[in-house]
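Q: Make a model of this:
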Amino acid sequence: MRGALLGLSVSLALCCCVLGWDGGVEGQDTTGVQTQVRQAGPVEHGREWEEEREDVMMDDPGTEVKEIKPKKKKSIEEVEAARAKKAAEKEAKAKKQKANKAPKAPKPTKKNKATKAPKKLKATKAPKATKAPKVTKPKATKASKTTAWKEEGVKPVTRRPSLEEEKEKLLIELGWDRLDSRPSGHTPLSAGSKTLTEHGQDYWDTKLDRERTTTEVIMYVSEETTVPWYEEYDYADLAAKQLEEEAEKARKEKEEKVKRLRKKWEEEEEERLRKIPVHAEPKKCPPLGLESHRVDDDQLLASSQSHHGFSAQRGRLNMQSSGNEEGVYGGSWCAEPEEKNHWFEVDARREVEFTGVIVQGRNSDTAEDFVSTFYVSFSNDSRDWTVLHDGYAEWLFYGNVDRDSPVMVQFDWPTVARYIRVLPQSWNGSLCLRVEVMACQLTSEYSTIENKVNPTDNLDFRHHNYKDMRQMMKVINEECPNITRIYNIGKSSAGLKMYAMEISDNPGEHQTGEPEFRYTAGLHGNEALGRELLLLLMQFMCKEYNENNPRVRRLVGGVRIHLVPSLNPDAYELAYEMGSEMGNWGLGHWTEEGYDIFQNFPDLNSVLWGAEDRGWVPRIVPNHHIPLPENFLNGSVALETKAIINWMERTPFVLGANLQGGEKVVAYPFDMQRPPKATGVGSLRPGVNHEMNEETWARMQRQNGDALRETSDDTMFRWLAMTYAHSHLTMTETQRGSCHTDDISGGQGIINRASWKPVVGSMNDFSYLHTNCFELSVFLGCDKFPHESELPLEWENNREALLSFMEQVHRGIKGIVRDMEGKPLANATISVDGVKHDVKTAATGDYWRLLNPGEYRVTARVDGYTLQTRLCIVGYDSGATPCSFTLAKSNWDRIKQIMVLHGKSVDATKMGATGGISANSHNAERLRRLRLMRLRKMHQQRLRYNFSTTTPVATTTTTAAPTTTAALETESTTSWYDSWFPVESSYTEPTPAEVFTEIQESKPTQDYTFEYKFEDY
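A: Sure thing, here's the model as predicted:
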């Protein structure tokens, strides 16, 4: 009910205001300002309004001025006053002074009327005093009041809001206050208030006040030629805009607060992470050296061992067994199964940063033994151990799933300690383990004691894949274009080119009298050290040649050097992707097609040895440049092997070496072990038994020594091998033994491959028997794929050996074979007395024969020319001894034609003088004796036959003769050479084609198994 009444009263008040507004503005200029109307309105309209105002003013003038609230709608004028500011105030003061001077006379009368006693008493009555504020409470909002009060300098009276104020607030909320702006927009009568104070409290002149007010406003408006902006301003959206501004402000404050909180959180998190010793990426360190044997045997310890062959010293990564499961050399460390606590310990001998371990199973052909899970612990005194913790519990690492593949586990942060232990927790089969430890040396004064080398050469010490290798060779060629040339010898099965670099003072051309030398590497893709050493050698020789190093310039000017860093590029790319430590022993060993290039060459050893057993060397089968077996290249041969064979045949190499890995030794031919005659092909005469007992074998071994595996140039090969091994800084340090067994080289760092690990169809044997080149295998170290940080050390160890071995190409004799006209003779045979291996001249007629110091009878022979023999002396000075030949033409070809025309056979022994396929004078004499013995035997058989046919008929005589004859035949010993000659009266020499056919069909040593460990023959 009360709300309804309140609404009705408010609506009536608004109607009255509208009517009063219309009357006040009637007849005025349309160009008047809204402010003018609002100021004049309260004076002209509504007598009740005047009376009420008058009553309140009579009661309390001070209160009246404040409670009338003429500034209820003064928010617009407030904006106007703020714009005018000081200039407007000065003008207003001047005008007010003029206006106040005019009505000075009637002031006293006004004062008397306004100060009547009755009215004053009525205004001071208690009831009226309480009701007066209620009646005069149509006020403006608090915001407008406070603004007006601030402008007028009057301090507001604080009191409790009345019912009138609540009504007004309700109108503002409903939006009805905008219907008529007059009641709530009373302008403060600044001039009127002054007039009242001047004339007195009881004086009031509405007309005068109206005129003054109107004049003041009109004068002020006349200063502005345009309509004020606030008349066109739409106040309908003011509240909404204020809300939007407040919301935007709150949003910005919230965003700033969120940013401050986020920044503070990030700073706290960064500080927290800084305190936590956890690395974003595990630190990468090189291996400590278990596989490469930089860690000695006394630095390895274990809780137990199953038996002697599986001690802690066998627990190195990629350790290989001896092949015999019950032998003394096992393929890993194996623990005693009865023990409860198992551990494998490594002593670094100083504090280092351990960052990880690599584990591997047992090397075995039958057993599948490996560790599945394990803990890792550390210690500085080997007594108190701390197990590695992951923040929640002891860190359990997962190991292998097979016996061959290495598995690396890395720690999140390095651990500084001296000792490290691997504690196996579960395993497959037996507890067997091979380990490598990753560790970094601490930066201290002791860091340079070992495992660190400062190379003197500024070279690129890193691993190069196929693209990097090609780029490196191109850069070297651009730096030294006058002495280098890049070419390829063929393509791999995957299409990658096998690049080679030639280093010579005249690259691309063979110079007469200049020997050819080669270094090859990468026969097995996972043996990466040789590849990097050859790339370093290229850089070194180019750099030193430009710096006028006399030794390097002498090599470049006197030798045509060929360097092939990768003969198996496909396999190397596979091993390179796995990394230096993660490839197992066999990964990348074979080609893409599954061939082992080193053992993929034709078996010429069996051809030579079979011919020697038959006595056909060198009368029928030569002891050098043995031709390839028929259809060999059409068989199971790798593309890489075919390319290498073609390269060997078109280049007259004298000396070479192939760089391999997995052991530290130099191996020289023969690589294939020769079987004894008893296990070879039988004689041509059937029924002859060559079996022998153990005593006979022992005697043959004592008498013949190394005849089963030595070449005719064995002393020369030993010298070449020792040159590299003894120039190497660590190869002869064999007190620790070899990589996988005890010392196999006898302290010299060299070994005959056939007595160590014999292979069939090796590259070294093929090079020796098919070409003039003497080739060896250099095994550079126990680690096939060493870590990049170890390359400087390996370069320092091998640099002098690489250079010294190249210089050995000038050891022996050299020369040119010409005819009487000075024309060089190609393919001339050079024989040395006492050495059953010949060489041939190149296309330019020059040759090189490696020999140790001494005196030698050297013979040169060519078909159609008379042979010539010379005495050549090889000294100890550097450089080969010149030994050239000049041969005269022979008329033996014409003699043979004449003899054939007359039906006479040609004596094969006389062909020796012409340099044919027959033997020399010594062999001819031997054949003459054999022929005489054969004729004598045939004569004896003929006599026995005649005697048996002329025997008397008597039984005593006829039976005795055959018996005697049989007895004689049984007791007689047949010489070994009788098997070569048939009993028929006519004998014909076998042709070379028949010899090769018989050898290939018999295959005396092709299927030979190396079960017998013969030391001598």
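Q: where in the stretch 801-950 of the chain is pLDDT low?
A: By pLDDT under 70, the low-scoring segments of the stretch 801-950 of the chain are 903-924, 947-950.
Q: Identify each buried residue in the biggest helix by length in the chain, please.
A: Of all the segments of type helix in the chain, defined by DSSP state H, the longest one is helix 238-275. By neighbour count on 16 or more other CB atoms under 10 Å, the buried set for helix 238-275 is empty. Heads up, the C-betas are built off the backbone N, CA and C, glycines and all.
Q: tell me what that helix is packed against?
A: Helices and strands touching helix 238-275, by 3 or more CB pairs under 8 Å, 6 or more residues apart in numbering; DSSP states H and E: there are none.
Q: Renumber starting at 51 from here on
A: Sure thing, new numbering starts at 51, so read that last one as helix 288-325.
Q: What mean pLDDT does whatever helix or strand comes next after that helix get?
A: The helix or strand immediately downstream of helix 288-325 is strand 350-352, counting by DSSP states H and E. The average pLDDT within strand 350-352 is 96.
Q: Repeat that for stretch 314-329.
A: Stretch 314-329 comes out with an average pLDDT of 76.
Q: Name the residues that touch that stretch?
A: Defining contact as CB atoms under 8 Å, 6 or more residues apart in numbering, one finds that stretch 314-329 is touched by 462-463.
Q: State the distance from residue 608 to residue 555.
A: The spacing between residue 608 and residue 555, counted by CB to CB, to the nearest Å, is 8 Å.
Q: quick one: which of those two has more around it?
A: Neighbour count, other CB atoms under 10 Å: between residue 608 and residue 555, residue 608 has more, with 20 against 16.
Q: Would you quantify the distance from that one to residue 554?
A: Remark: distance between residue 608 and residue 554 (CB to CB) = 9 Å.
Q: so what sits against both of these two?
A: Common neighbours of residue 608 and residue 554 (CB under 8 Å, 6+ apart) are residue 564.
Q: what's the neighbour count on the residue lying closest to residue 473 once chain neighbours are set aside?
A: The shortest distance from residue 473 to any non-neighbouring residue, by CB to CB, 6 or more residues apart in numbering, is to residue 425 (4.2 Å). Neighbours of residue 425 under the rule other CB under 10 Å: 16.
Q: Pull up the pairing partners for the helix or strand hosting residue 425, direction included.
A: For residue 425, the host element (DSSP H and E) is strand 420-429. Strand 420-429 has its sheet partners listed here by DSSP bridges as strand 436-437 (antiparallel), strand 447-448 (antiparallel), strand 457-478 (antiparallel).
Q: list the buried ones in the longest one?
A: The one in question is strand 457-478. 457, 459, 461-462, 464-465, 467-474, 477-478.
Q: again with stretch 689-705
A: Applying a neighbour-count criterion of 16+ other CB under 10 Å, one finds 689-691, 693-695, 697-698, 701-705 buried in stretch 689-705.
Q: Show me which of the residues you listed is closest to residue 940.
A: When these are compared for distance to residue 940 (CB to CB), residue 702 wins out at 26.0 Å.
Q: circling back: by pLDDT, give me the weakest of the buried residues of strand 457-478.
A: Comparing the buried residues of strand 457-478 by pLDDT, residue 462 comes last, at 87.
Q: That one contacts residue 405, correct?
A: No - with contact defined as CB atoms under 8 Å, residue 462 does not count as touching residue 405 (9.6 Å).
Q: Identify the contacts common to the two.
A: Here residue 462 and residue 405 share the contacting residues residue 332, scored by CB under 8 Å, 6+ apart.
Q: Now do the strands in the stretch 751-900 of the chain.
A: All strands of the stretch 751-900 of the chain, identified by DSSP state E, counting those that start in this stretch, fall at 800-802, 824-831, 863-869, 879-882, 885-890, 896-899.
Q: Looking at the ones you listed, which is nearest to residue 633?
A: strand 824-831 (15.2 Å).
Q: what bits of the stretch 101-250 of the chain have low per-residue confidence?
A: Across the stretch 101-250 of the chain, the ranges flagged by pLDDT under 70 are 101-126, 129-131, 133-134, 147-212, 217, 223-250.
Q: Stretch 391-404: which residues count as buried?
A: By neighbour count with 16+ other CB under 10 Å, stretch 391-404 contains the buried residues 392-398, 401-404.
Q: hang on, residue 715 is in a strand, isn't it?
A: Yes - assigned with DSSP: H, G, I helix; E, B strand; the rest coil, residue 715 falls within a strand.
Q: Does it touch residue 801 like I think?
A: Yes - Residue 715 is within contact range of residue 801, at 5.5 Å (criterion: CB under 8 Å).
Q: which residues are common contacts for those two?
A: Joint contacts of residue 715 and residue 801 (CB under 8 Å, 6+ apart) are 794-795.
Q: follow-up on the earlier one: what sits against the residue nearest to residue 473?
A: Contact partners of residue 425, counting by CB under 8 Å, 6+ apart, are 437-438, 444-447, 472-473, 475.
Q: If we use 10 Å, what do you get?
A: Shown in contact with residue 425 (CB atoms under 10 Å, 6 or more residues apart in numbering): 393, 437-438, 444-447, 471-475.
Q: And for residue 860?
A: Taking CB under 10 Å, 6+ apart, one finds 565, 567, 604-605, 608-609, 704-705, 898, 900, 928-931 in contact with residue 860.
Q: thinking again about what came up before, kindly indicate which of the buried residues of stretch 689-705 lies nearest residue 308.
A: For these, the nearest to residue 308 is residue 690 (66.9 Å; CB to CB).
Q: Thank you, goodbye.
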